[in-house]
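Q: here's my sequence, what's the structure:
(2 chains)
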Amino acid sequence: DTGVSQDPRHKITKRGQNVTFRCDPISEHNRLYWYRQTLGQGPEFLTYFQNEAQLEKSRLLSDRFSAERPKGSFSTLEIQRTEQGDSAMYLCASTLNRGEAFFGQGTRLTVV
Amino acid sequence: DAKTTQPNSMESNEEEPVHLPCNHSTISGTDYIHWYRQLPSQGPEYVIHGLTSNVNNRMASLAIAEDRKSSTLILHRATLRDAAVYYCILTSYSGAGSYQLTFGKGTKLSVIP
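A: Predicted coordinates for the structure are as follows:
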């Protein structure tokens, strides 16, 4: 399967713990996006990479969030000191330049 | 990004055509009209996009009004697998930028067997 894969699919964590999610984009895609989606809402943009460079960050991305894309391949999204408000579906998407976006199935985070 | 307006929900009978409307009265000349859909427990999936002319692909057709202030996604024969939330999104490709997608709440399509 050459689609976008995300790991884990589900994560339950206690408030205050750190969590890290991984996204493997389609191999030839140079652009990678992270989105967050809460129940009943459409996905909201968090951040964007072109190759290994993080070029844009939403104001939604607080200081507790950090994302990396070493060597322009897979990406990780880390949330430090999780809060209940961080509970959401975290979606990764990749594109080749301005092409259509391919989304992963997401990581559902529950903070208890 | 320019804003879009869609009905919150629609229903269709299985094997009937479905017309999903989208209003985008503030669209600019460089905005493309994209449609994505999200099936339950899945990430969004690209459906179709266009600029000025009507577009067809294997999944759907996109009809764009002459003034580009509205568009309609047409599913020619709804199946139960088409039950999803459909998002109409405007994206401008002019200048530098991430070309991020700005999702609204979309239209939840229910398909009745």
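Q: near chain A, anything from the helix or strand hosting B:I48?
A: Under the criterion of DSSP states H and E, B:I48 resides in strand B:45-50. Yes: judged by C-beta under 8 Å from any C-beta of the partner chain, strand B:45-50 comes into contact with chain A at B:E45, B:Y46, B:H49. From N, CA and C alone the C-beta is placed, and that goes for glycine too.
Q: wait, which of the residues you listed is closest to chain A?
A: Closest approach to chain A among those (C-beta to the nearest C-beta): B:Y46, at 4.0 Å.
Q: against B:P7, how distant is the closest residue to the closest one other than its chain neighbours?
A: Counting by C-beta to C-beta, 6 or more residues apart in numbering or on different chains, B:Y46 lies nearest to A:E100, which is 4.0 Å off, once chain neighbours are set aside. To B:P7, A:E100 is 24 Å away according to C-beta to C-beta, to the nearest Å.
Q: what ranges do the strands span in the chain?
A: Here I'm looking at chain A. A:5-7, A:10-13, A:19-24, A:31-37, A:44-50, A:53-57, A:65-68, A:75-79, A:88-95, A:102-103, A:107-111 (DSSP state E).
Q: please go with chain B instead
A: Assigned strands in chain B, in chain order: B:9-13, B:18-23, B:31-38, B:45-50, B:55-56, B:61-64, B:70-75, B:84-92, B:107-112 (criterion: DSSP E).
Q: determine which of those approaches A:E56 most closely.
A: strand B:84-92 (14.0 Å; C-beta to C-beta).
Q: contacting residues around the closest one?
A: A:42, B:1-4, B:6, B:20, B:22, B:24, B:27-28, B:30-40, B:44, B:47, B:71, B:73, B:99, B:101-109 (C-beta atoms under 8 Å, 6 or more residues apart in numbering or on different chains).
Q: give the pairing partners of that strand; include direction for each.
A: Applying DSSP bridges, strand B:84-92 is found paired with strand B:31-38 (antiparallel), strand B:107-112 (antiparallel).
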